[in-house]
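Provided below are the primary sequence and the corresponding predicted coordinates.
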Amino acid sequence: MACLFFVEVNAQDLQADNMLLFQRGNGGWSKQFKGKAFKYDVEFSESQKSEIAEEAARDDANIDNGSTAKEIRYLVKAYKKDNNPKYLAAAENGIRYLLKAQYQNGGWPQYYPDKHLYRAHITYNDNAMINALNILQDVVLSKNDLDVVSPKLIEPSANAIKKGIDCILKTQIKVNGKLTAWCQQYDERTLEPAKARAYELPSISGSESDEIVEFLMSQPNPSKQIKDAVNAAVEWFQTVKISGYKVIDVPAPGTELGKDRQVVADPASTIWARYYEIGTNRPFFCDRDGIVKYSIQDIGYERRNGYAWYGNWPKKVLDKGYSEWLKRNSK
């Protein structure tokens, strides 16, 4: 019976245990192991665990591609299931990492404390900053399993959210005095739209802007500034939507993937571009040389098929979320 009791309160979770191994000393996680993406649901050898320990000593924690946020969310679920205090402690350290990484102006860098190249930019790309804010909002609201974390984290999380919203409002792009939407990343000092990778140029994003709007719409008792920001962004989504087209993969024998991406007519479809030129709202595309092209067919095969240039990201906001938000916030 003693053995059974031990298993019940200290049950092991392979993925959670691996997350403990990979956690950096500052509380965050990296998205890579030996320079590549990896999975937690595998048994690592003792030699691999030694390599993991070496990498865990690095300062490469980040919030890119869901990193740190996904570990925090998994670990609190694992704690609720297995009652292992190590899982909760690791999740709380992850939340403290998010709080430490935030700039005074309210933005989050992609990496912290590593500031190499564009890693120091305030980063909305792939929803990095919004993922961090959603974690902190769930801490404050005791939602989505984050009700188990220390109450001492609630006040600093609430303060971080206020600063984050202020940053979002300040970085909404204005064109001829009119609010539009957001760029993928911003200079952390000037708050101006900034370049990241060679093909990620200053622009207005049809993708990341959607998640920003969703976060703003989730705020209770939104201020006039928040309402103005949401309304302006939704108006921009409507203005730049591309009706009557869709993106498909067509067979392309002899190519690396055996297929190629094309934009074709479809009267029932609406899509948005990933990048719109600031000032003209013209969709644009880039190869790794950073030269702007205005047709996806004018860039090379590798980038055409290796990046999400089009999508239907704002559709869920426009189809339902925005109208319901308007009803709740009509006054």
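In hand now; what should we look at?

ok, which stretches of the stretch 151-300 of the chain are strands?
Assigned strands in the stretch 151-300 of the chain, in chain order: 174-175, 178-179, 185-186, 204-205, 242-251, 259-273, 275-276, 285-286, 292-293 (criterion: DSSP state E, counting those that start in this stretch).

tell me the most buried of the ones you listed?
strand 185-186 (a mean of 26; mean count of other C-beta atoms under 10 Å). To be clear about C-beta, it is placed using only N, CA and C from the backbone, and glycine gets the same treatment.

contacts for that strand, please.
107, 110, 118, 121-125, 171, 192-196, 200 (C-beta atoms under 8 Å, 6 or more residues apart in numbering).

drop anything exposed from those residues.
Buried subset of the contacts of strand 185-186 (neighbour count, 16 or more other C-beta atoms under 10 Å): 107, 110, 118, 121-125, 171, 193-196, 200.

tell me the secondary structure at the spatially most central residue of the chain.
For the chain, the residue whose C-alpha lies nearest the mean C-alpha position (C-alpha atoms, centre = their mean) is residue 127; its distance is 2.0 Å. The local conformation at residue 127, judged by DSSP: H, G, I helix; E, B strand; the rest coil, is helix.

how about it, nearest residue that isn't a chain neighbour?
residue 211 (4.6 Å; C-beta to C-beta, 6 or more residues apart in numbering).

need the pLDDT of residue 11.
Looking at residue 11, its pLDDT stands at 55.

show me where pLDDT drops low in the stretch 51-200 of the chain?
When the per-residue scores of the stretch 51-200 of the chain are filtered using pLDDT under 70, no range remains.

any chance you could map the helices in the stretch 151-300 of the chain?
154-171, 208-217, 224-240 (DSSP state H, counting those that start in this stretch).

show me how far stretch 292-311 is from its chain's centre.
How far stretch 292-311 lies from its chain's middle: 22 Å, per C-alpha atoms, centre = their mean, to the nearest Å.

got the contact list for that stretch?
In this structure, residues lying in contact with stretch 292-311 by C-beta under 8 Å, 6+ apart are 199, 201, 206-207, 242, 247, 255-257, 259-263, 271-275, 277, 282-288.

ok, residues contacting stretch 162-170?
For stretch 162-170, the surrounding residues in contact (C-beta under 8 Å, 6+ apart) are 102-108, 122, 129, 132-133, 136, 182, 191, 212, 215-216, 219, 225-226, 229.
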